[in-house]
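Enquirer: Sharing a sequence plus its predicted fold:
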Amino acid sequence: MFFFVLAPDKPGMLEQRLVHRPAHVDYWVGQGNALKVAGAMLESDASDAAPIGSSFLIEAEDEAAVRALIAADPFTIEGIFGDEVTVQPVRPALGVWRPA
C-alpha cells in the first residue's frame, strides 16, 4: 500500500533543518524500496523559497509502519517536524512514475 505524507516543520526550524539534513537524507536512503518520492515542502513557488517541511510517497504494509518510519526520521528525533504529520493512504494510478 502507498501513503502520502506531509510533515510540516515547527516554526523557526530552518537552521536546525539544514544542520540535520544529511542525517535525514542518509536515513531515507537506508530505507530501501519503501521511499518512492520525497522532497521539501516550500514556503512559496519562488525559485529561492525556503523549505518548511517534508513530503513523502512511501510504500508500506500499513499506516503504523509509515508512522514508525517517520518517528525514526532524524527530523522527528531532533524536534524539527511539528506534531501534525498527515499520513494518507493513496492509490497511484497516473503519471510518469507509478507502481508496476
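Expert: Perfect, I can see it now.
Enquirer: Now Glu61: closest residue in space that isn't a chain neighbour?
Expert: In space, and not counting its chain neighbours, Glu61 is closest to Met1: 7.0 Å by CB to CB, 6 or more residues apart in numbering. All C-beta atoms are positioned from the backbone trio N, CA, C, and that covers glycine.
Enquirer: Now do the strands in this protein.
Expert: Counting by DSSP state E, one finds strands in the chain at the ranges 2-8, 35-42, 51-59, 86-90.
Enquirer: Pairing partners for the first one, with directions?
Expert: It refers to strand 2-8. When pairing is defined by DSSP bridges, strand 2-8 lines up against strand 51-59 (antiparallel), strand 86-90 (antiparallel).
Enquirer: looking at the ones you listed, which is closest to Ile77?
Expert: strand 51-59 (13.6 Å; CB to CB).
Enquirer: Which residues outside that closest one are in contact with it?
Expert: Strand 51-59 is contacted from outside by 1-9, 14, 17, 24, 28, 33-43, 66, 69, 75, 81-82, 90, 92, 99, using CB atoms under 8 Å, 6 or more residues apart in numbering.
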